[in-house]
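Peer 1: Okay, sequence plus prediction incoming.
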Amino acid sequence: MVNLEIWAFVLILIGVLLVGAVAGFFGARSLMKRELKKNPPINENMIRAMFMSMGRKPSEAQIRQVMNNMKKNQ
């Protein structure tokens with residue numbers, strides 16, 4: 001059996017937790033970027049459908065204005 005000092009065990013445990021947290025962060029970040037690239041949150045067709053569901057026929061200027069506002073707020 002390996003004898004390990006308590007302080008060494010605590011340092012190893014903290015190191016493993018930090019490495020896991022960093023790896024998890026970057027893994028989740030790359031996964032989210034890939035999913036957002038495949039499925040963008042909203043596009044012009046969705047804006048048109050939203051206007052049509054409210055009973056309005058949107059002009060291209062209104063659609064561009066909504067898209068620009070959304071991009072500016074991101």
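Peer 2: That came through, no problem. As the structure is a computational prediction, the values presented were derived from the model and not from experiment.
Peer 1: for the helix or strand where Lys72 lies, packing partners?
Peer 2: Assigned by DSSP states H and E, Lys72 belongs to helix 60-73. Where contact means 3 or more CB pairs under 8 Å, 6 or more residues apart in numbering; DSSP states H and E, helix 60-73 is packed against helix 44-53. Heads up, the C-betas are built off the backbone N, CA and C, glycines and all.
Peer 1: sorry, back to before: average model confidence for the helix holding Lys72?
Peer 2: Mean pLDDT, helix 60-73: 88.
Peer 1: buried set for it?
Peer 2: Val66 (16 or more other CB atoms under 10 Å).
Peer 1: what comes into contact with that helix?
Peer 2: Helix 60-73 is contacted by residues Ile42, Glu44, Ile47, Arg48, Phe51 when judged by CB atoms under 8 Å, 6 or more residues apart in numbering.
Peer 1: Recalculate using a threshold of 10 Å.
Peer 2: If you take CB atoms under 10 Å, 6 or more residues apart in numbering as the criterion, helix 60-73 is touched by 41-48, 50-51, 56, 58-59.
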